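Colleague: attaching a predicted model along with its sequence, questions to come.
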Amino acid sequence: MSLKVYNSLSRQKEIFTPINAPYVGMYVCGPTVSGESHLGHARPFISFDVIYRYLMHLGYKVRYVRNITDAGHFEEEGREATDKISEKAVLEKLEPMELVQKYTNLYHWAMSKFNNLAPNIEPTATGHIVEQIEMIKKIIADGYAYEANGSVYFDVEKYNTDFSKQGKPYGMLSGRNIEDQQDTTRELDNQEEKRNRNDFALWKSAPVEHIMRWQSPWGEGFPGWHIECSAMSTKYLGSEFDIHGGGMDLLFPHHECEIAQSTVCNHKSPAKYWLHNNMITIQGKKMGKSYNNVIKLTELFSGDSPILSQPYSPMTIRFFILQSHYRGTLDFSNEALQASEKAFKRLWEAHEWFAKQVFENNAATDIELDKKVTQLVAEFSEFMNDDFNSAKVIANIFELVPIINSIKDKHILANALSSTTLDHMQAELKVYIESIFGLINERPADEGQLDGVLQLLIDIRKDAKSRKDFLTSDKIRNELAGLGIQLKDEKEGGTSYTIA
RNA sequence: GGUCUUGUGGCCGAGUGGCUAGGCAGAGCUCUGCAAAAGCUUCCACAGCGGUUCGAAUCCGCUCGAGACCUCCA
């Protein structure tokens, strides 16, 4: 059973065959650190984290590169070319790099909260100006770019004409053609520098007020919007690598431009498989700054937003995202997040208990159940191999949860299942929940002292209960509940607690 | 206007033509001093209209609705 991935390039699921197995090169477009990350940004980073983890689980040696855009992308097309980062820095009276550092730190903090593994290389745009300039020079030398007033533009028209003959027209990824683009009614102005409206900038001449600027063969300026990803992916993954990932909104023009740039420079389309995650929506609309409907990650964690009825923990959000397929839209609502919060809690508590059990060697007494469990567990990899369908894996895990809880409550005897099945199920649950899905226990391990205090209270309550002093026993339970500590009376007369 | 996606029960969401998706919420029951938790049972669905088919949420057509990209965007 082999891994299949949906390739945006072919618009179908393809068997994943690395160019140079067991090595896998994966590039994912990272954040622009000109502002705080929001819930929408969490989607690709969590989705591709799971993909990264799963590829490693399959035994691949993955080099995962995710960039940081710290030079800013720029407004274009009839608007003043202004570096967003510089502009905001002035407003906030900060050095550009100070701003970049602030939001980079915040981004890294959020990533670790989500328990995302760090990429193997996290290159920055400003750290690769030289590589970008070299790439631009090469494109000019090959005749696919031209200079105009200190700026350099990619000649889309010429590229499309020449490469269409090779079956690689501009627009092959997004399914567009230049003619359609030209038919649009959108207004064109201040575009006299460009020979064609589809041309995009590789290098922009910097106006005097522009703080971020670098020397280049074409004068002082800054790199265009798409060249950084091409330069950095080529440098660290080679001219042709396995997976290029990112949000669907980057498909055009960003990824289309990357293909054109890399194809000219390296004579190869950069990535074999293009993977795109879909958007998180809110009331059906894409969450994005253009819609002014973003929920920042810090707000999400603190609950400090009028949209939010409560805070949501990083694991709740991670679980929420994993409950859907990465290529579908996912609609945010308080109700949906609350559902995920409860579901994750239930799943985790069952898993936590089950992971600690040691099973005695025996054969199954309930063959049917044993078969069912074996089947459910076997399907984990089947579902993940089908374009990373984490939603279906989680559904199966939830079929196992009642079985685990029934074993715990002794509604089902442990020997109903064979020890082989139980051991396998225990191991696979740990692998999938913890290693692949990257879910972790959010409450820190008890320091011991707290546990001691709680055990003392539980003992006192038990005494009170045995004396039928329910006033005291309920007081202990209710007061603790008020502190977010929930007591649960177990079947055998014991009491356990969970801390919210 | 062009390109594309999509419409699943109160909410979020899987669904490869025939088999209960799953979660949360609701109802009932069991356990329990009460509760919580847990377990069991249960209600609620495939936008509409046609067509193909022995059989369609799944394929085709039309209608209506929603969204994304075409400008920075995960």
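Modeller: The structure has been received and is ready for your questions.
Colleague: beta-bridge partners for the residue in the stretch 101-250 of chain A that RNA strand B sits nearest to, please?
Modeller: Nearest to RNA strand B in the stretch 101-250 of chain A, going by CB to the nearest atom of the strand, is A:Gly247, at a distance of 1.7 Å. The C-beta positions use only the backbone N, C-alpha and C, and glycine is treated the same way. Counting by DSSP bridges, A:Gly247 forms beta bridges with A:Asn277.
Colleague: that one contacts A:His276, doesn't it?
Modeller: Yes: in terms of CB atoms under 8 Å, A:Gly247 counts as a neighbour of A:His276; the distance is 6.6 Å.
Colleague: returning to that earlier point: gap between the residue of the stretch 101-250 of chain A closest to RNA strand B and A:Gly167?
Modeller: Using CB to CB, to the nearest Å, A:Gly247 is found at 27 Å from A:Gly167.
Colleague: cool, and A:Arg195?
Modeller: For A:Arg195 relative to A:Gly167 (CB to CB), the value is 24 Å.
Colleague: what do you get for A:Asp155?
Modeller: Counting by CB to CB, the gap from A:Asp155 to A:Gly167 is 19 Å.
Colleague: the more surrounded of those two?
Modeller: A:Asp155 (23 against 7; other CB atoms under 10 Å).
Colleague: which residues does that one contact?
Modeller: A:143-146, A:195-196, A:199 (CB atoms under 8 Å, 6 or more residues apart in numbering).
Colleague: can you check A:Asn266 too?
Modeller: Contacts of A:Asn266 (CB under 8 Å, 6+ apart): A:234, A:239-240.
Colleague: can you pull out the low-pLDDT segments for the stretch 401-500 of chain A?
Modeller: A:444-447, A:491-492, A:500 (pLDDT under 70).
Colleague: what's the neighbour count on the closest residue to A:Gly175 other than its chain neighbours?
Modeller: Spatially, and ignoring its direct neighbours in sequence, A:Gly175 is nearest to A:Arg11 (7.8 Å; CB to CB, 6 or more residues apart in numbering). Counted with other CB under 10 Å, residues neighbouring A:Arg11 total 9.
Colleague: now A:Ile259
Modeller: By other CB under 10 Å, neighbour count at A:Ile259 equals 26.
Colleague: right, and it touches A:Pro270 too?
Modeller: Yes: counting by CB under 8 Å, A:Ile259 does reach A:Pro270; the two are 6.4 Å apart.
Colleague: before we move on, the earlier item: are any of the contacts of A:Asn266 buried, and which?
Modeller: When neighbours are counted using 16 or more other CB atoms under 10 Å, these contain these buried positions: A:234, A:240.
Colleague: restricted to strands, list the contacts of A:Asn266.
Modeller: Among those, none falls in strands (DSSP state E).
Colleague: go through the contacts of A:Asn266 and name the one nearest A:Ala414.
Modeller: A:Glu240 (52.1 Å; CB to CB).
Colleague: gap between that closest one and A:His108?
Modeller: Counting by CB to CB, the gap from A:Glu240 to A:His108 is 30 Å.
Colleague: residues making contact with the longest helix belonging to chain A?
Modeller: Longest helix in chain A by number of residues (criterion: DSSP state H): helix A:334-355. The contact list for helix A:334-355, computed with CB under 8 Å, 6+ apart, reads A:307-310, A:312-313, A:315-317, A:319-320, A:323, A:394, A:397-398, A:400-401, A:404-405, A:407-408, A:426, A:429-430, A:433, A:439, A:441, A:498.
Colleague: buried among the residues you listed? Make that a PyMOL selection.
Modeller: Applying 16+ other CB under 10 Å to the contacts of helix A:334-355 leaves a buried subset, and the PyMOL line that selects it is:
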select buried, chain A and resi 308+312+313+315+316+317+319+320+323+394+397+400+401+404+405+407+408+426+429+433+439
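Colleague: neighbours around the spatially closest residue to A:Leu376 that is not a sequence neighbour, how many?
Modeller: Spatial nearest neighbour of A:Leu376, chain neighbours left out: A:Asn396 (4.7 Å); criterion: CB to CB, 6+ apart. A:Asn396 has 18 neighbours, counted by other CB under 10 Å.
Colleague: and A:Asn396, what does it touch?
Modeller: A:376-377, A:379-380, A:383.
Colleague: angle of the host helix or strand of it against helix A:334-355?
Modeller: In the assignment (DSSP states H and E), A:Asn396 maps to helix A:390-408. Interaxial angle, helix A:390-408 versus helix A:334-355 (axes from the mean of the first three to the mean of the last three CA atoms, to 10 degrees): 50 degrees.
Colleague: and helix A:390-408 with RNA strand B, contact?
Modeller: Yes: for helix A:390-408, a contact with RNA strand B is found by CB under 7 Å from any atom of the strand, at A:391-392, A:394-395, A:398-399, A:401-402, A:405-406, A:408.
Colleague: what residues does the stretch 351-500 of chain A have near RNA strand B?
Modeller: A:389, A:391-392, A:394-395, A:398-399, A:401-402, A:405-406, A:408-409, A:411, A:465, A:470, A:473-474, A:477, A:486-489, A:491.
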